[in-house]
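**Student:** Could you work out the structure for the sequence below:
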Amino acid sequence: MYVIIFEGRAGSVLRAEFDDCEVSVGHDTTTLRVRLPNQQALRGIVERMVGLGLRLIELRRVAVPSAAPGTGNADQGSPAG
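**Tutor:** Here you go, the predicted structure:
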């Protein structure tokens, strides 16, 4: 999961350019949260921003919450028989 913050408040047209992201608009910034499979996909988002003339403020990778208990391997915790 990545958090990408750029300068300015994205209006509806600009938010539509990032419809594959969770978009939130702050006072003077716009934040994108997006789960990407690899760095090539991240590069695509950044290139899209550059193409739109947006000024990147921050880009960081954040931990994805772990799976709920009991959703792992069914054999884990099983007594040896």
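
**Student:** for the protein, what are the low-confidence residue spans?
**Tutor:** 67-81 (pLDDT under 70).

**Student:** Let me see the ranges of the strands in it.
**Tutor:** Under the criterion DSSP state E, strands of the chain are mapped to 2-7, 22-25, 29-34, 56-61.

**Student:** Now render these as CSV, adding mean neighbour count and distance to Ala41.
**Tutor:** In short, each C-beta sits where N, CA and C put it, glycine included. Below are these laid out as CSV (neighbours: other C-beta atoms under 10 Å; distance: least, C-beta to C-beta, whole Å):
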stretch, mean neighbour count, distance to Ala41
strand 2-7, 16, 9
strand 22-25, 14, 15
strand 29-34, 17, 9
strand 56-61, 12, 13
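
**Student:** okay if I get those strands as CSV plus distance to Leu14?
**Tutor:** CSV is the format used below for the strands of the chain (distance: least, C-beta to C-beta, whole Å):
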stretch, distance to Leu14
strand 2-7, 10
strand 22-25, 9
strand 29-34, 8
strand 56-61, 14
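
**Student:** Kindly provide the distance from Ile5 to Ser66.
**Tutor:** Ile5 is 25 Å from Ser66, where distance means C-beta to C-beta, to the nearest Å.

**Student:** For the residue nearest the centre of the chain, which non-adjacent residue is closest in space?
**Tutor:** Taking C-alpha atoms, centre = their mean, the centroid of the chain lies closest to Val34, which sits 1.9 Å from it. Spatial nearest neighbour of Val34, chain neighbours left out: Cys21 (4.2 Å); criterion: C-beta to C-beta, 6 or more residues apart in numbering.

**Student:** Could you give the number of residues near Glu17?
**Tutor:** Glu17 sits with 15 neighbouring residues when counted by other C-beta atoms under 10 Å.

**Student:** and His27, what are its phi and psi?
**Tutor:** The phi/psi pair for His27 (degrees, to the nearest 10) reads phi -60, psi -50.

**Student:** Met30 pairs with what?
**Tutor:** No Met there; residue 30 is Thr. Judged by DSSP bridges, the bridge partners of Thr30 are Phe6, Val25.

**Student:** which ones are touching it?
**Tutor:** Taking C-beta atoms under 8 Å, 6 or more residues apart in numbering, we find Thr30 in contact with Ile5, Phe6, Gly8, Arg9, Ala10, Leu14, Arg15, Val23, Ser24.
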